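Novice: model the following, please.
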Amino acid sequence: MALAAFIGMLLPLQALINAALGRQTFGALFAALASFSVGTAVLALWWLATRPGFDAAALAKVPWWGWLGGAIGALYVVGATLLVPRLGAASLICLVVFGQLLGSLLLDHYGVLHVRQPIDSTRVAGAVLVAIGALLVVKPWQTPAA
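Specialist: Modelled structure (predicted):
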């Protein structure tokens, strides 16, 4: 749980770094591309350092949707890079977490790609509390400061 919290703490920093890179270079899309390029290099080195086995035939067995994780990650990184300067880090992350919670509840409830975990009143109450927390951080009723 501590590792998950630490990774969560890094996500707003990633968005802020990417936004700064985008401002200093060629925009948000380039910054996201650079982020993924550096990330790919780090993962490739890490993977090679662990000397895993490689079976090319296994790649052919992966269903088409098995490759969508990278596209979803790219959408997140570009979106966060574009939105963090407008929303701020805290508001961005609150809204992302709220969206993740809603999506997770639905995926769990219907058992998408894993064992079904039905929505119950406790989980709904938790989602409502997260929504209230997000509203208190985002404060959509206030006009943005100049």
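Novice: look up how far residue 131 lies from residue 14.
Specialist: Taking Cβ to Cβ, to the nearest Å as the measure, residue 14 falls 24 Å from residue 131. Any C-beta I mention is one placed from the backbone N, CA and C, and that applies to glycine too.
Novice: out of the two, which sits in the busier spot?
Specialist: A direct count of neighbours by other Cβ atoms under 10 Å for residue 14 and residue 131 places residue 14 higher, at 18 against 14.
Novice: hmm, residue 38 and the more buried one touching each other?
Specialist: No: Residue 14 lies out of contact with residue 38 (Cβ atoms under 8 Å); the separation is 10.9 Å.
Novice: can you list residues touching both of the two?
Specialist: By Cβ atoms under 8 Å, 6 or more residues apart in numbering, residue 14 and residue 38 have no common neighbours.
Novice: which of the residues in stretch 16-33 are buried?
Specialist: By neighbour count with 16 or more other Cβ atoms under 10 Å, stretch 16-33 contains the buried residues 16, 18-19, 21-22, 28, 31-32.
Novice: contacts for it next, please.
Specialist: Contacts of stretch 16-33 from elsewhere in the structure, counted by Cβ under 8 Å, 6+ apart, are 34-35, 74, 77-78, 80-82, 84-85, 89.
Novice: in ChimeraX, select just the buried ones from these.
Specialist: Remark: buried members of the contacts of stretch 16-33, expressed as a ChimeraX selection using 16+ other Cβ under 10 Å:
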select :34,35,77,78,80,81,82,84,85,89
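Novice: pipe the contacts of stretch 16-33 into JSON lines and attach pLDDT and distance to residue 106 per row.
Specialist: Converted to JSON lines, these look like this (pLDDT from 0 to 100; distance: Cβ to Cβ, whole Å):
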{"residue": "34", "pLDDT": "97", "distance to residue 106": "33"}
{"residue": "35", "pLDDT": "96", "distance to residue 106": "28"}
{"residue": "74", "pLDDT": "95", "distance to residue 106": "22"}
{"residue": "77", "pLDDT": "95", "distance to residue 106": "23"}
{"residue": "78", "pLDDT": "96", "distance to residue 106": "23"}
{"residue": "80", "pLDDT": "96", "distance to residue 106": "22"}
{"residue": "81", "pLDDT": "96", "distance to residue 106": "26"}
{"residue": "82", "pLDDT": "96", "distance to residue 106": "25"}
{"residue": "84", "pLDDT": "96", "distance to residue 106": "26"}
{"residue": "85", "pLDDT": "95", "distance to residue 106": "30"}
{"residue": "89", "pLDDT": "95", "distance to residue 106": "26"}
